[in-house]
Structures are given as structure tokens and as C-alpha cells.
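# Got a predicted model here, sequence first, then my questions.
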Amino acid sequence: MPARPWATPPAICSDKTGTLTTNRMTVVQTYIGDVHHRSVPKPSQIPPKTLEMVVNAIAINSAYTSKILPPDMEGGLPKQVGNKTECGLLGFILDLQKDYVPVRDQMPEERLYKVYTFNSTRKSMSTVIKLPDGSFRLYSKGASEILLKKCAYILDTNGEPRIFRPRDRDEMVKQVIEPMACEGLRTICIAYRNLPSTPEPDWETEAEIVTELTAVTIVGIEDPVRPEVPDAIRKCQRAGITVRMVTGDNINTARAIAVKCGIIHPGDDFICLEGKDFNRRIRNEKGEIEQERIDKIWPKLRVLARSSPTDKHTLVKGIIDSTVLEQRQVVAVTGDGTNDGPALKKADVGFAMGIAGTDVAKEASDIILTDDNFSSIVKAVMWGRNVYDSISKFLQFQLTVNVVAVIVAFTGACITQDSPLKAVQMLWVNLIMDTFASLALATEPPTEALLLRKPYGRNNPLISLTMMKNILGHGVYQLVIIFTLLFIGERIFNIDNGRNAPLHSPPSEHYTIIFNTFVLMQLFNEINARKIHGERNVFDGIFGNPIFCSIVLGTFAMQIVIVQWGGKPFSCAPLNMEQWLWCLFVGVGELLWGQLIATVPTERLPCLKEAGLGLEPGEDEGEEMAEDEEEIDCAERELRRGQILWFRGLNRIQTQDQSGLRTSLASGPVWPQDQSRMRVVKAFRSNLYEGREKPESRNSIHNFMAHPEFLINDLIHNIPLIDDTDVDDESELSRYQHLHPALRKPPPPPAQAPPPTRTRPTRPYRQYSLPPSSPHPIMTVVVTATDHGYSDNTDAIPSGPLFIFFYYETTYFPAI
């Protein structure tokens with residue numbers, strides 16, 4: 001998983017059910033028999049007919065894989081298996097002291113007459129059963145405000161149907177549904193309809209079947225918010241991340257849950273929309289989505305209710321493509337359904353639910369949440385920023401070592417004719433710089449402090465101005481120390497000069513002090529490299545990383561062994577205690593120098609330049625288009641497939657006898673009536689380059705392919721054919737009557753009888769046009785089917801040319 005996307009996520013579009021909530025549905029309110037019960041009623045409070053209808057409607061019109069099982073441990077909650085909403089309804093039956101299992105035993109799944117499965121468009125599910133008298137009964141359940149529009153009747157206090165008028169529906173929405181939704185409950189309507197046996201309805205017309213229903217009850221299902229979610233969302237908001245809820249629930253339910261989670265706060269400037277209102281605002285009069293309209297909505301949008309997977313994809317794409325802000329937004333999306341695949345694929349980071357997610361959603365995502373918990377997303381943000389910072393820390397340390405080592409080795413070799421740092425010593429330095437430093441700096445554990453910073457910009461440089469200041473500042477300190485020791489070190493320590501030592505002389509204390517000081521400065525600078533944002537306390541949390549401490553102490557111990565006992569292999573002479581203390585003093589000076597560098601404001605150093613800049617906007621878009629095959633337009637797809645066919649044809653022509661082909665070309669076009677081997681059309685452009693300079697000659701097929709003006713014009717606009725099985729025998733596109741008359745095959749003589757031969761399906765072909773700036777005359781050779789061994793029977797051979805070869809200077813290339 002790349003570190004940069006998760007170091008820079010300003011937006012998260014999250015589902016509600018199972019991610020922000022516990023996904024353990026429980027019916028807590030119900031409207032049944034013209035009475036609104038604030039808790040689950042007793043069976044005696046419900047008319048017997050209505051009670052039986054509720055049990056049958058829920059038991060039959062639910063997936064038979066959804067069930068309630070006993071708890072795993074004594075005293076625990078019953079285990080819900082399958083769809084959680086259906087499990088909540090089945091639990092409602094158990095709360096009514098009824099059992100759904102006998103109902104399913106009497107009506108097994110294979111006896112269900114017709115099932116209209118749930119989809120996100122109609123927000124309902126319906127099941128048809130056949131009654132003993134031969135008639136049919138339809139059970140339906142779905143979003144209350146949607147299903148009530150299809151109800152013409154409702155069961156009264158006696159369990160008998162009465163007329164349900166539109167004004168009754170509006171009153172029920174205000175008196176029952178909206179109060180439930182404002183309490184964060186999901187409202188589900190359960191209804192039924194009796195259908196006659198004769199004439200049997202047309203079951204394919206679902207809109208005509210699921211209408212004129214009789215409402216049985218409306219239940220309010222509670223899905224409690226996860227206890228850890230409000231704190232996780234607060235952390236996201238402190239980190240500069242905007243959390244948006246995208247759900248299929250009622251707008252009032254979604255708003256209530258958003259308040260409980262902390263996504264919205266009273267008094268804030270935010271927008272909550274339903275899917276239909278969202279589409280109305282972002283589309284013009286022609287029904288087309290306009291980016292300008294999306295840009296007016298998404299910055300304040302916090303809740304999108306009654307949304308479809310298409311609405312989620314539209315929102316994600318609109319945020320990504322927006323240019324309202326200076327930096328392009330990095331969007332993370334959660335999804336669990338098959339229809340969430342496009343949105344998960346479009347997002348910069350897609351999260352799939354490991355428990356409730358489908359295989360399609362998991363394949364389209366980048367990360368799978370094994371616990372379906374929003375707090376895991378916050379952990380991913382924290383780890384992403386930590387990885388990004390670890391890379392920056394290592395770069396800051398490594399570049400400092402590289403700059404100093406290269407300058408010291410090069411300058412020393414030029415001035416003293418001998419590098420102060422020997423080859424084996426440089427190997428040890430490289431081991432410290434690469435292997436040990438990467439382990440030490442890349443194993444820093446993430447902390448909560450990482451969530452207190454604003455997100456990095458998507459195109460921000462990897463090496464910031466602060467890092468560049470640290471690199472140059474510590475590099476200057478180390479270079480001054482090293483060159484001071486190199487040129488006057490022998491006088492400071494009153495030792496022999498190592499600059500003028502003979503070629504095979506024993507190791508000198510002078511150069512050993514330089515090597516030892518250099519390594520100790522790197523060790524203490526490694527501690528400085530733990531902070532890259534100008535923090536002063538470089539020891540903060542150092543003991544929380546035992547790997548870092550072990551590497552630093554182990555490197556110091558190895559340095560003592562190398563200096564004191566390395567001898568000639570390491571070009572080291574043993575040092576006394578005073579010399580060691582001076583080396584340690586200079587190394588500790590790195591920490592003090594780091595504090596001095598931190599006091600210098602970065603803004604006061606205009607000479608510094610950032611490094612590691614991201615891609616330009618155009619390049620960024622091009623990369624995304626290349627990675628996402630769904631975003632590739634038809635023209636690019638045609639071009640890629642055409643290139644495959646191009647080189648396939650090239651391999652074929654290379655196996656042919658080139659000498660015979662040249663002979664045929666030299667003899668000119670031949671038009672026999674019996675066997676037409678090939679037709680040659682010479683096209684010369686005599687005054688193509690009059691008044692302008694000819695472009696550079698291109699003798700290679702690869703150079704020609706890279707020509708920016710190369711065009712491919714398909715006369716037949718369909719997917720390129722890879723083999724003969726893709727061709728329709730009756731296709732009129734296989735005819736080539738639209739070609740220039742010079743390319744058409746002359747009719748065969750009427751008197752000649754066609755000999756028996758094998759048949760081959762008609763194959764359409766493609767004609768490729770060259771750019772208008774072709775530097776040389778072009779000869780086009782159209783090879784017919786007879787050139788591949790077919791007889792002259794026009795009914796048995798393909799009706800068009802198989803290949804068109806362009807002779808471009810000395811290079812030939814086919815177009816299929």
C-alpha cells in the first residue's frame with residue numbers, strides 16, 4: 001500500500017451500517033394496528049390476523065440463510081447469521097413469542113414461486129407464494145416512505161384492510177416515520193397483496209405486480225453506534241480529514257446517526273442531502289453531470305442519504321476531479337456491496353468490509369477491514385503517515401551522509417592525493433548509512449501525535465524545506481569538522497601528520513581520528529533524523545523503539561572494536577582515552593548544532609529549494625488513466641489492440657520469401673482472372689513537401705510507431721478481432737465495397753466452375769492511414785486470400801484482403 005495516499009487523505013466517504021454502527025439490528029418501535037408502540041408490543045396487543053401476517057411475511061420474505069442462532073456462550077446475545085436487517089426482523093418475531101422456523105418448514109425455499117431480490121434502486125424485496133386454493137400472495141418489505149407509496153390499503157385495529165389514501169400516507173410520514181428516523185431508527189414497511197390465479201399475472205412486469213399493496217406494519221430498527229466511533233471521528237477531524245456518511249437510509253435517520261457519531265455538530269455550516277436532491281443539483285437541463293455544480297456542493301456535504309452506488313461513485317469522482325482547492329483531494333471510500341465496486345476502484349484508497357463485504361468489493365478495494373470498524377480506518381491513516389515520515393527520516397539521514405562522504409573523499413583525493421576515508425572504512429559507513437539506518441528509522445512506532453497534523457498535499461515534495469535545511473546545516477557542520485581535522489588535526493592532537501605518509505605505511509592516528517569522528521557524527525545525527533518537522537525534542541519516544549536503541553548502541557560498540565582492534569584491514573590505529581573523548585565531544589556537538597538549526601526559521605532561507613516534487617496535474621491524470629482500465633476511452637483501447645495485431649502481422653510477413661515478394665513488386669501489379677496473387681497500388685505524393693523542409697527519415701518500425709502524428713482510422717468501428725471465431729458469418733461489415741475502386745477485387749469469370757475447397761468465415765479488415773507528413777513515397781500492397789493458399793473460389797475465400805502492407809522506405813509493416 002503506497003504511503004503517500006494514506007499520508008494525504010482529506011476526505012473519507014464512509015458507509016453507516018456496520019462501519020459506524022455495530023450492525024446488530026434490533027426492532028425497538030413498531031406501528032401496527034393503527035397504534036404506535038414505543039417498545040415491542042406483547043402478542044395480546046396485536047390482532048391475531050395481523051400477528052399471523054407479520055410472522056409469515058417476515059419468515060418467508062427473507063433470505064433463508066438469515067437466521068438467529070443461540071449465543072456462543074451462556075449469558076451472551078443471540079448470534080445473528082446472514083443479513084443483519086433481516087436478522088433484526090426475525091428477532092422481532094422471537095420477541096413476539098413466535099417462531100419463524102415452522103413457517104419456513106411448511107414453505108421451503110424451493111416452493112417459493114417468484115422472488116424479486118433487493119436492489120438499491122427500488123429499495124425493496126418481494127416474494128410470491130402459491131396458496132392452497134391456487135391463488136398467489138405477494139409479501140414485500142422495504143424502505144417505508146418508498147413502499148408506502150405503493151400501498152392502497154392498511155390493516156386496521158381488527159386486522160381488516162381499509163383504504164389508505166395519499167393524505168393518510170403523508171400523515172403517517174409526519175406522525176410515525178419522521179419521529180422514528182429522528183431517533184436514528186431505520187424504518188421498514190411490511191406489506192402484502194393477494195393475486196388471482198386466473199389469469200396468472202405476468203411476473204416479469206414487477207412494477208405492475210408490486211403495487212396496490214396492503215400495509216401490515218412499520219417497524220423502527222435500531223443499529224447502535226459503535227462506542228469507539230465518535231472518538232475516532234474526532235481524531236480524523238483533528239487530523240484535517242473530513243468524514244462524510246454515504247448511506248441508503250432515510251435522511252432523518254442518517255442525520256441522527258451523524259450527530260451521534262460527531263460527523264455534524266449543531267451550528268456548523270454543512271449540507272445533508274438525499275440521493276434524488278443530489279442528482280437534481282449536479283445535473284443540468286439535459287441530465288448531464290457538471291463538475292461546476294458538484295463543486296458547489298461537496299465541500300459542505302456531510303451526509304448523503306437514500307443514495308445508490310451510482311451516487312457514491314459520482315460523489316467520489318466529483319471530489320477527485322474538483323479544482324476548487326489548490327491540492328487535489330485524496331478520497332478514501334468504504335463499501336461492502338457488489339455495486340460499490342466502481343466507487344472503490346475510483347477512490348484513491350478503497351476499503352472493503354471483511355465480514356459483510358462481497359468478493360467483488362474485496363477485489364476492487366485496496367484494504368480489507370477484518371473487523372468492519374471505522375476505528376481501523378483511523379489506524380490506517382496513522383500508519384500511512386508513519387510510513388511516509390519514516391521514508392523522509394531515512395532520506396534526510398542518508399543524503400547528509402552521502403553529501404559529506406562524497407565531498408570529503410573527492411576533495412581529499414584531489415588535495416592530499418589520498419582519500420581520508422579508506423575503502424573498507426567506506427564500506428562500514430555504507431553499512432551504517434543503508435542497512436542499519438533503514439532499520440532504525442523505519443521501525444518507529446506510530447503515535448497519536450501523527451493525527452494532530454494536517455494532511456500532506458498530494459503533490460508535496462518528498463524532501464521539504466525543513467528537511468533540506470537540516471541536510472545542508474548538518475552537512476556544513478560535518479564538513480567543517482572533517483576538513484579542520486584533515487589539515488590541522490595533527491597540531492591539535494600533537495600527533496604525526498597522516499597526509500604525507502608513504503604508500504604502504506602503517507595506519508596513522510591522524511586519519512583514524514578523522515574516521516572515528518565522522519562515524520560518531522553520523523550516529524548522533526541519526527538521532528537528529530528522528531524529527532523532520534523542526535521539533536526540538538529529538539529524544540521524544542526514543543525508548544519506545546528498542547530496535548533504534550539497539551542499533552545505535554550496537555553500532556557504537558562495533559566502532560570501538562574496529563578502531564581499537566581493526567588494525568591494518570580497517571586502516572585504523574588505536575586511540576587513547578583523550579582522543580576518544582574529543583571524538584565523542586564533536587559527535588555530541590551534532591545534537592547541539594541540531595538545536596541551533598531548529599531555531600533558524602525556514603522562511604528566512606529563500607535559497608532552499610524543495611526536492612521530490614510530485615507529478616504535474618496533467619501527468620497525474622495520465623497515470624491514473626493508465627492504471628484504471630475502466631477509465632481508458634475507446635480510442636486508446638482500439639490503439640492498444642491494433643498494436644497487438646500489427647506485430648502479429650509483422651511476424652507473419654517476416655516468414656515469407658522476401659526475394660519473391662520484391663520480384664513481384666518490381667514486375668508491377670498483375671491482375672489475372674483465375675488467380676489473383678496480389679494487387680499493388682502505388683501512391684506517390686509529388687509535391688507534398690513543396691515549400692517546407694522534409695522531416696527526419698524514419699527507417700524503423702518502432703520509430704514510426706512513436707511518431708506523434710501517427711493516426712489509425714478504423715473503417716469498421718468495432719472491437720478488433722483477435723481470431724476468426726469472433727467474426728459473424730452474416731456480418732455486412734465484412735464486405736469491402738466501401739473501399740476505393742482500385743482496391744476492390746474484380747469479379748471472377750462467370751464460366752469457371754468453383755472447385756471444392758475448405759471454407760473460412762468472413763473476416764473484416766482494418767485500413768490504417770499514414771500521417772500527412774510521411775517523408776517518402778508509400779507503396780501499399782493488398783494481399784488477398786489466394787496469397788495464403790486458398791483457391792480462386794470466391795465463395796470459399798474471405799471476401800476482403802487479409803493484409804495491407806505499407807512499404808515505408810526499407811521497412812515494411814502490416815495493418816490487419
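Cool, the structure landed.
# how about the strand or helix carrying Arg281: buried residues?
Following DSSP states H and E, one finds Arg281 within helix 275-282. Using 16 or more other Cβ atoms under 10 Å as the burial criterion, the residues of helix 275-282 that qualify are 275, 277-279, 282. The way it works is simple: take the backbone N, C-alpha and C, and place the C-beta from them, glycine included.
# Go through this protein and flag its longest helix.
In the chain, with assignment by DSSP state H, the single longest helix is helix 374-416.
# For stretch 154-174, buried residues please.
For stretch 154-174, the neighbour count (16+ other Cβ under 10 Å) marks 154-155, 159, 164, 169, 172 as buried.
# I'd say Ala152 and Val210 touch.
No - using Cβ atoms under 8 Å, Ala152 is not in contact with Val210; the gap is 12.0 Å.
# now stretch 456-472: how far from the chain's centre is it?
With Cα atoms, centre = their mean, to the nearest Å as the basis, stretch 456-472 stands 26 Å off its chain's centre.
# coming back round to it: which of the buried residues of stretch 154-174 has the weakest pLDDT?
Among the buried residues of stretch 154-174, Gly159 carries the weakest pLDDT, at 89.
# Point out the other helices and strands that the helix or strand harbouring Val561 packs with.
Take DSSP H and E as the rule and Val561 turns out to sit in helix 546-565. Packing contacts for helix 546-565, counted by 3 or more Cβ pairs under 8 Å, 6 or more residues apart in numbering; DSSP states H and E, involve helix 437-442, helix 509-528.
# most packed of the ones you listed?
Counting by mean count of other Cβ atoms under 10 Å, helix 509-528 has the highest mean neighbour count of the helices and strands packed on helix 546-565, with a mean of 24.
# got the angle between that one and helix 546-565?
If you take axes from the mean of the first three to the mean of the last three Cα atoms, to 10 degrees, helix 509-528 sits at 180 degrees to helix 546-565.
# list the helices and strands helix 509-528 packs on?
Contacts defined by 3+ Cβ pairs under 8 Å, 6+ apart place helix 509-528 against helix 374-416, helix 423-430, helix 437-442, helix 465-493, helix 546-565, helix 577-599.
# Go through those helices and name the closest to Phe515.
Evaluated over these, closeness to Phe515 peaks at helix 423-430, with 5.2 Å, by Cβ to Cβ.
# Show me where the stretch 51-200 of the chain has its helices.
Here the stretch 51-200 of the chain has its helices, by DSSP state H, counting those that start in this stretch, at 84-95, 101-106, 144-147, 166-172, 178-182.
# Any stretches of the stretch 401-550 of the chain with poor pLDDT?
Along the stretch 401-550 of the chain, the parts satisfying pLDDT under 70 run over 503.
# From what I see, Ile471 and Val403 are in contact.
Yes - Ile471 lies in contact with Val403 (Cβ under 8 Å); the separation is 6.9 Å.
# Could you check which of those two is surrounded by more residues?
For Ile471 versus Val403, the count of surrounding residues by other Cβ atoms under 10 Å is larger for Ile471: 24 against 17.
# could you dump the helices and strands packed on helix 509-528 to a markdown table with distance to Ile146?
Shown next, in a markdown table, are the helices and strands packed on helix 509-528 (distance: least, Cβ to Cβ, whole Å):
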| stretch | distance to Ile146 |
| --- | --- |
| helix 374-416 | 27 |
| helix 423-430 | 68 |
| helix 437-442 | 53 |
| helix 465-493 | 55 |
| helix 546-565 | 57 |
| helix 577-599 | 61 |
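# looking at the ones you listed, which is closest to Leu138?
Of the helices and strands packed on helix 509-528, nearest to Leu138 by Cβ to Cβ is helix 374-416, at 38.0 Å.
# so that closest one versus helix 577-599, what angle?
120 degrees.
# how far is helix 374-416 from where the chain is centred?
Relative to its parent chain, helix 374-416 has a centroid offset of 27 Å by Cα atoms, centre = their mean.
# Distance to Asn119 added to the helices and strands packed on helix 546-565, as JSON lines?
Output for the helices and strands packed on helix 546-565, formatted as JSON lines (distance: least, Cβ to Cβ, whole Å):
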{"stretch": "helix 437-442", "distance to Asn119": "47"}
{"stretch": "helix 509-528", "distance to Asn119": "58"}
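# Now do the same for the closest residue to Val349 other than its chain neighbours: helix, strand or coil?
Distances taken as Cβ to Cβ, 6 or more residues apart in numbering put Ala332 closest to Val349, at 4.4 Å, once the chain neighbours are dropped. What DSSP: H, G, I helix; E, B strand; the rest coil gives for Ala332 is strand.
# Ala332 and Ala347 touch, don't they?
Yes - between Ala332 and Ala347 a contact is recorded at 6.1 Å, counting by Cβ under 8 Å.
# what's the overlap in contacts for the two?
Residues touching both Ala332 and Ala347 (Cβ atoms under 8 Å, 6 or more residues apart in numbering): Cys13.
# Now Arg38, what are its backbone angles?
phi -80, psi -10 (degrees, to the nearest 10).
# Kind regards, and thank you for your time.
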